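# Would you be able to build a 3D model of this:
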Amino acid sequence: MQEIIKTSEAPLAIGAYSQAIKAGDYLFTSGQIPIDPKTAMLVEGGIEAQTKQVMDNLKQVLLAGGVDFDNVIKTTVFILNMDDFVAVNQVYEKYFTNTLPARSCVAVANLPKGSLVEIEVVAYCQHK
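This is a model prediction of the structure:
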């Protein structure tokens with residue numbers, strides 16, 4: 001069974017995809033870029049500001065799916081410049097207060113809308 005997850009608290013999809021899909025016990029998010037959902041504009045201010053917006057967007061998608069960062073088991077981080085890894089990590093780690101998820105981080109040639117960072121997550125939806 002699959003459920004489409006959608007929230008106006010995060011940027012709407014800019015293509016043919018869903019913000020997230022809940023499939024069984026798992027929630028898979030699409031990659032989030034640093035778009036402010038209120039203005040639909042790319043956040044300025046460098047890698048730290050963009051990473052914070054991405055994480056805030058992910059938080060809203062997770063909440064819409066009934067989970068939070070404590071449920072995240074895997075993340076994939078895409079950055080334009082590996083020199084930004086430390087700065088991204090300093091913002092990223094503030095969102096994970098309990099168990100740290102498994103993570104991959106790769107440098108890419110380009111990201112949508114000129115973003116410096118994009119992050120996607122997989123969360124386990126624990127039954128209560």
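
# can you pull the pLDDT of the closest residue to L80 other than its chain neighbours?
Take L80 and drop its neighbours on the chain: the residue closest to it by CB to CB, 6 or more residues apart in numbering is L116, 5.3 Å away. C-betas here are computed from N, CA, C, even on glycine. At L116, the model reports a pLDDT of 98.

# which parts of the helix ranked longest in the chain are buried?
Taking DSSP state H as the criterion, the chain has its longest helix at helix 46-64. The neighbour-count check on helix 46-64 (16 or more other CB atoms under 10 Å) flags 47, 50-62, 64 as buried.

# For it, which outside residues touch it?
In this structure, residues lying in contact with helix 46-64 by CB atoms under 8 Å, 6 or more residues apart in numbering are 5-7, 9-11, 19-20, 27, 29, 32-37, 42-43, 68-69, 71-72, 79, 84, 87-88, 90-92, 94-95, 115-119, 121, 123.

# now do 7 Å
By CB atoms under 7 Å, 6 or more residues apart in numbering, the residues outside helix 46-64 that reach it are 5-7, 9-11, 19-20, 29, 32-34, 36-37, 43, 68-69, 84, 87-88, 91-92, 95, 115-119, 121, 123.

# The residues you listed in helices, which ones?
87-88, 91-92.

# from these, which is closest to R103?
Checking those against R103 by CB to CB gives Y92 as the nearest, at 8.5 Å.

# Tell me where the protein is predicted with low confidence.
Low-confidence segments of the chain, defined by pLDDT under 70, are located at 127-128.

# residue ranges of the strands in it, please?
Per DSSP state E, the chain carries strands over the ranges 2-5, 20-23, 26-29, 35-36, 41-42, 72-79, 102-107, 117-124.

# Need the ones you listed in TSV (columns: mean neighbour count).
Formatted as TSV, those follow (neighbours: other CB atoms under 10 Å):
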stretch	mean neighbour count
strand 2-5	14
strand 20-23	19
strand 26-29	21
strand 35-36	18
strand 41-42	14
strand 72-79	19
strand 102-107	12
strand 117-124	22
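
# that older thread, got a quick ChimeraX command for the buried subset of the contacts of helix 46-64?
Buried members of the contacts of helix 46-64 can be picked out in ChimeraX with the line below, counting by 16+ other CB under 10 Å:
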select :5,7,10,11,19,20,29,32,33,34,37,43,69,84,87,88,91,92,95,115,116,117,118,119,121,123
